[in-house]
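Peer 1: just to be clear, the model below is a prediction. Sequence and coordinates:
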Amino acid sequence: MKIALIAHDKKKDEMIKFAVKYKEVLADHELIATGTTGTLIMGETNLKIKRMKSGPLGGDQQIGAMLADGLIDLVIFFRDPLTAQPHEPDVSALLRLCDVQSIPLATNVNSATIMMEALKNKVYFN
């Protein structure tokens, strides 16, 4: 399964803790991340991650293109709903693509935990 990992600046620490907790589950899948998020996760977990550009520099759009082409199976995007993002249109487009393509999307640690537990228990979605 190809999993995209994205986190806004104020959620990066939460994403790192999440990735550390589910390192063994994530290691069984192909991981793609926006630039800074991917670098930080790799630094703490040694997981192999294909990194795109930083979100504000087009990384969200790169992952969005992969979604549109059917190259992503699951998105974990820890969003910061309380801070305005300069690239908000890109974020909205990425979320919309998940809905259009019926790609499972977790936007917080609790929904992401449910997805990781499903993967850990070999429960997959269509």
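Peer 2: Now that the structure is in, tell me what you want to look at. Here the structure is a predicted model, which means the values were calculated and not measured.

Peer 1: could you report the pLDDT at the residue nearest to Gln61 when sequence neighbours are not counted?
Peer 2: Excluding the flanking residues, the one nearest Gln61 by C-beta to C-beta, 6 or more residues apart in numbering is Asp90, at 5.4 Å. From N, CA and C alone the C-beta is placed, and that goes for glycine too. If you check Asp90, the pLDDT there is 78.

Peer 1: again with Asp60
Peer 2: Looking at Asp60, its pLDDT is 89.

Peer 1: which element is it on?
Peer 2: Assessed by DSSP states H and E, Asp60 sits inside helix 59-68.

Peer 1: what is the mean pLDDT for the helix or strand where Lys50 lies?
Peer 2: When elements are assigned from DSSP H and E, Lys50 belongs to strand 49-51. If you average the pLDDT over strand 49-51, you get 98.

Peer 1: buried residues, the helix or strand bottoming out on mean pLDDT in the chain. List them.
Peer 2: Sorting the helices and strands of the chain by mean pLDDT, DSSP states H and E puts helix 88-100 at the bottom, at a mean of 89. Counting neighbours by 16 or more other C-beta atoms under 10 Å, one finds that the buried residues in helix 88-100 are 90-91, 94-95, 97-98.

Peer 1: OK, contacts around Glu24?
Peer 2: Lys120 (C-beta atoms under 8 Å, 6 or more residues apart in numbering).

Peer 1: with Glu14 instead?
Peer 2: By C-beta under 8 Å, 6+ apart, Glu14 lies in contact with 7, 78, 109.

Peer 1: what about the last one, how many residues nearby?
Peer 2: Residues lying near Val109 (other C-beta atoms under 10 Å) number 17.

Peer 1: these two touch, right, it and Ala19?
Peer 2: No - using C-beta atoms under 8 Å, Val109 makes no contact with Ala19, being 11.0 Å away.

Peer 1: show me what the helix or strand harbouring Glu117 is in contact with.
Peer 2: If you go by DSSP H and E, Glu117 is part of helix 109-120. Outside helix 109-120, the residues that touch it by C-beta under 8 Å, 6+ apart are 1, 14, 18, 22, 24-26, 28-29, 74, 76, 78, 104, 106, 124-125.
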